[in-house]
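Undergrad: Build me a structure from this.
(one chain, ligands or ions: 1)
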Amino acid sequence: MNQIVLEILNWYHKNARNLPWRVTNDPYKIWLSEIILQQTQIIQGLTYYEKFLENFSSVNKLAKADEDRILKLWQGLGYYSRARNLHKAAKMVVTEFNGKFPNTYNEIIKLPGVGDYTAAAIASFAFEEPYPVLDGNVFRFISRLYNIDLPIDEQKNRKVFLEVLRELMKDQPPSTFNNAMMEMGATVCKPQNPLCSTCPVQSYCEAYNKDTISIRPVKNKKVKVTVRHLNFFFIEYHNGFFIEQRTGKGIWQNLFQLPLIETMAEAKTSDLTLQLKSLYNYNVKNKVIHQQSLRHLLTHQTIEAQFWHIKVEQKPLFINKNMVFTNLSDYKNFAVPKLIENYLLLL
Ligand code: SF4
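TA: Presented below is the predicted three-dimensional model:
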């Protein structure tokens with residue numbers, strides 16, 4: 001056996017964290033964990049994983065669920081298209097695979113929201129198919145171990161890393177090998193301050209020997225971040241307020257939010273008066289009783305949100321038919337974006 005692999009596997013057997021999705025070969029549970037962990041760290045991911053399994057103990061139950069319920073359980077993880085794809089994929093398992101989770105990489109990758117990484121993870125962890133997993137942690141670890149200076153965000157370089165992994169994986173149980181590589185990247189070869197002094201492959205590590213750790217892995221592209229100005233209206237009426245369900249495509253599709261007006265730049269009350277009048281049929285000029293700014297950071301967007309608290313005596317005549325009257329305890333039954341929840345928790 002390759003000596004590097006031997007050291008990594010020995011280390012893994014002694015140091016692996018005890019995680020529920022590692023002690024099962026149920027593809028449904030592994031799939032759930034992988035989709036959730038793309039959005040969050042292990043500790044928070046565990047809570048979501050358990051919550052999903054409590055509510056939907058099988059892929060068939062997930063397929064039958066209301067999308068609103070799934071979005072509500074997903075709340076706080078962000079990137080809601082992953083939750084919608086989870087639902088679509090569960091339905092596809094029922095309709096196209098007779099309710100039985102597909103058991104080969106080539107079939108698994110057909111599921112919505114499942115790319116090469118997730119398909120490799122499920123196929124290897126559940127079915128011992130020899131597909132290496134290549135997530136950010138493994139990219140970093142391999143790029144340092146072999147001092148590879150190819151940008152990891154260029155698609156064409158992915159196959160170079162996969163080839164290295166395939167070679168290392170030979171003759172090893174795919175699930176153990178993949179778990180060990182991921183665990184090394186996550187807990188030892190960390191992005192900042194890697195634990196080189198206790199690393200089992202330090203003597204083989206080319207980046208360590210050539211002092212290039214801080215410049216590995218190489219990334220080319222800078223993420224282009226756009227700034228959006230969102231004005232939300234907390235319209236208080238008889239101890240309650242109004243939320244609306246988003247219908248269009250976008251990051252918060254089908255979630256509930258406070259009535260919204262998006263502007264090109266930071267807005268003043270006067271900028272919003274006309275637009276709000278057409279939305280809720282009142283002149284708001286003198287009715288704003290509180291204003292709160294919150295910033296929300298997403299991978300590709302910075303949201304500069306302003307929340308306008310308005311009190312009205314008469315029920316607004318909304319044009320929007322998706323408007324729902326709720327209050328500060330009832331709204332918790334609806335899936336709302338984290339940003340909206342953060343504001344409501346301040347009230
Ligand atoms: Fe990563 Fe340091 Fe180990 Fe090299 S020696 S693989 S940089 S932890």
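Undergrad: and this structure, which residues reach the ligand?
TA: Within the chain, the residues that sit near the ligand (CB under 6 Å from any ligand atom) are 141, 144-145, 188-189, 194-196, 199, 201-202, 205, 207-208, 213. (Glycine included, C-beta is placed from N, CA and C.)
Undergrad: Surely His296 forms part of a strand?
TA: Yes - inclusion of His296 in a strand is indicated when DSSP: H, G, I helix; E, B strand; the rest coil is applied.
Undergrad: re earlier: which of the residues of the chain next to the ligand lies closest to Arg82?
TA: Phe141 (24.7 Å; CB to CB).
Undergrad: For Ser124, state which of the residues of the chain next to the ligand is nearest.
TA: Of all the residues of the chain next to the ligand, Ser124 sits closest to Phe141, with 16.8 Å by CB to CB.
Undergrad: Can you tell me what sits against whichever helix or strand that closest one is part of?
TA: Element membership of Phe141 [criterion: DSSP states H and E] is helix 136-145. By CB atoms under 8 Å, 6 or more residues apart in numbering, the list of residues contacting helix 136-145 from outside reads 4, 132, 148-150, 152, 161, 164-165, 181-182, 184-186, 188-189, 191, 194, 201, 204-208, 212-213, 216-218.
Undergrad: Sort out which residues of that helix are buried, please.
TA: Across helix 136-145, burial judged by 16 or more other CB atoms under 10 Å covers Asn137, Val138, Phe139, Arg140, Phe141, Ile142, Ser143, Arg144, Leu145.
Undergrad: Give the ChimeraX command for selecting the buried subset of the contacts of helix 136-145.
TA: The buried residues among the contacts of helix 136-145 can be selected in ChimeraX (16+ other CB under 10 Å) with this line:
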select :4,132,148,152,161,164,165,181,182,184,185,186,188,189,194,201,204,205,207,208,213,216,217
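Undergrad: Now, the contacts of helix 136-145 that are in helices?
TA: For those, membership in helices holds for Ile4, Phe161, Val164, Leu165, Met181, Met182, Met184, Gly185, Ala186, Glu206, Ala207, Tyr208, with DSSP state H as the criterion.
Undergrad: and the gap between the closest residue to the fourth one other than its chain neighbours and the ligand?
TA: Nearest residue to Leu165 in three dimensions, chain neighbours excluded: Pro132, at 3.5 Å (CB to CB, 6 or more residues apart in numbering). Between Pro132 and the ligand the distance, using CB to the nearest ligand atom, to the nearest Å, works out to 17 Å.
Undergrad: correct me, but Pro132 touches Asn178?
TA: Yes - under the contact definition of CB atoms under 8 Å, Pro132 touches Asn178, with a separation of 6.4 Å.
Undergrad: Pull up the overlap in contacts between the two.
TA: Residues touching both Pro132 and Asn178 (CB under 8 Å, 6+ apart) are Ala120, Ser124, Met169.
Undergrad: just curious, which of those is nearest to the ligand?
TA: In terms of CB to the nearest ligand atom, no member of those lies closer to the ligand than Met169, at 17.3 Å.
Undergrad: quick one: the closest one and Phe177 touch, right?
TA: Yes - using CB under 8 Å, Met169 is in contact with Phe177, at 4.9 Å.
Undergrad: which residues do these two both contact?
TA: With contacts defined as CB under 8 Å, 6+ apart, the residues shared by Met169 and Phe177 are Pro132.
Undergrad: secondary structure element for the closest residue to Trp21 other than its chain neighbours?
TA: Distances taken as CB to CB, 6+ apart place Ser33 nearest to Trp21, at 3.7 Å, with adjacent residues excluded. Using DSSP H and E, Ser33 falls within helix 27-37.
Undergrad: So which bits of that helix are buried?
TA: With the criterion 16+ other CB under 10 Å, helix 27-37 contains buried residues Pro27, Tyr28, Lys29, Ile30, Trp31, Leu32, Ser33, Glu34, Ile35, Ile36, Leu37.
Undergrad: how close does the residue nearest in space to the middle of the chain sit to Pro112?
TA: The chain has Gln39 as the residue nearest its centroid, 2.4 Å off, counting by CA atoms, centre = their mean. When CB to CB, to the nearest Å is the yardstick, Gln39 and Pro112 sit 16 Å from each other.
Undergrad: Cool, thanks, talk later.
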